[in-house]
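Chemist: Based on what follows, work out the 3D shape:
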Amino acid sequence: MAAIAVVLVSGCASSPSIGVLGAYFPDWLFCIVAGVVLTVVVYVILKRLQADRLMGPGALVYPTLVAFFALAVWLVLFQH
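Modeler: This is a model prediction of the structure:
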């Protein structure tokens with residue numbers, strides 16, 4: 001039982017965090033912020049091109065874009 005428990009908690013050995021001015025923040029927090037910022041940029045570009053009406057329902061498209069960009073940032077910047 002102890003060997004199984006050791007295997008299960010071995011993923012908790014190092015917490016993925018970034019030090020900012022002495023405080024540690026988790027990586028996923030930065031990824032979500034980047035996802036929201038990138039989605040706002042896409043929204044502004046689509047609005048200026050008047051192509052935002054060609055997208056599907058905004059309540060579905062923009063949260064999906066936030067998730068996509070957040071996961072893409074995590075894969076690009078935080079995979080070791």
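
Chemist: Skip the chain neighbours and tell me the closest residue to Met55.
Modeler: Excluding its sequence neighbours, the residue lying closest to Met55 (C-beta to C-beta, 6 or more residues apart in numbering) is Val61, at 4.9 Å. (Glycine included, C-beta is placed from N, CA and C.)

Chemist: Report all helices and strands that the helix or strand where that neighbour lies contacts.
Modeler: Here Val61, judged by DSSP states H and E, is contained in helix 58-77. Secondary-structure packing of helix 58-77 (3 or more C-beta pairs under 8 Å, 6 or more residues apart in numbering; DSSP states H and E): helix 27-48.

Chemist: Against Asp52, how distant is the residue nearest to Met55?
Modeler: Distance, Val61 to Asp52, by C-beta to C-beta, to the nearest Å: 9 Å.

Chemist: ok, back up a step: could you check how far the residue nearest to Met55 is from Phe30?
Modeler: Where Phe30 is concerned, Val61 sits at a distance of 23 Å (C-beta to C-beta).

Chemist: If you rank every helix and strand of this structure by mean pLDDT, what lands last?
Modeler: The helix or strand of the chain with the poorest confidence is strand 17-20; it has a mean of 66 (mean pLDDT, DSSP states H and E).

Chemist: Next, work out how far apart the nearest residue to Phe78 once chain neighbours are set aside and Val44 are.
Modeler: The shortest distance from Phe78 to any non-neighbouring residue, by C-beta to C-beta, 6+ apart, is to Asp27 (4.8 Å). Going from Asp27 to Val44 by C-beta to C-beta gives 26 Å.

Chemist: In space, what's closest to the residue most central in space within the chain - neighbours in sequence excluded?
Modeler: In the chain, the centroid-proximal residue (C-alpha atoms, centre = their mean) is Ala70; its distance is 2.3 Å. Nearest non-adjacent residue to Ala70, counting by C-beta to C-beta, 6+ apart: Gly35, 3.2 Å away.

Chemist: Pro63 is in contact with the one you found, correct?
Modeler: No: between Gly35 and Pro63 there is no contact under C-beta atoms under 8 Å: 9.8 Å.

Chemist: These two: who's more crowded?
Modeler: Taking other C-beta atoms under 10 Å, Gly35 and Pro63 do not tie; Gly35 has more neighbours (21 against 12).
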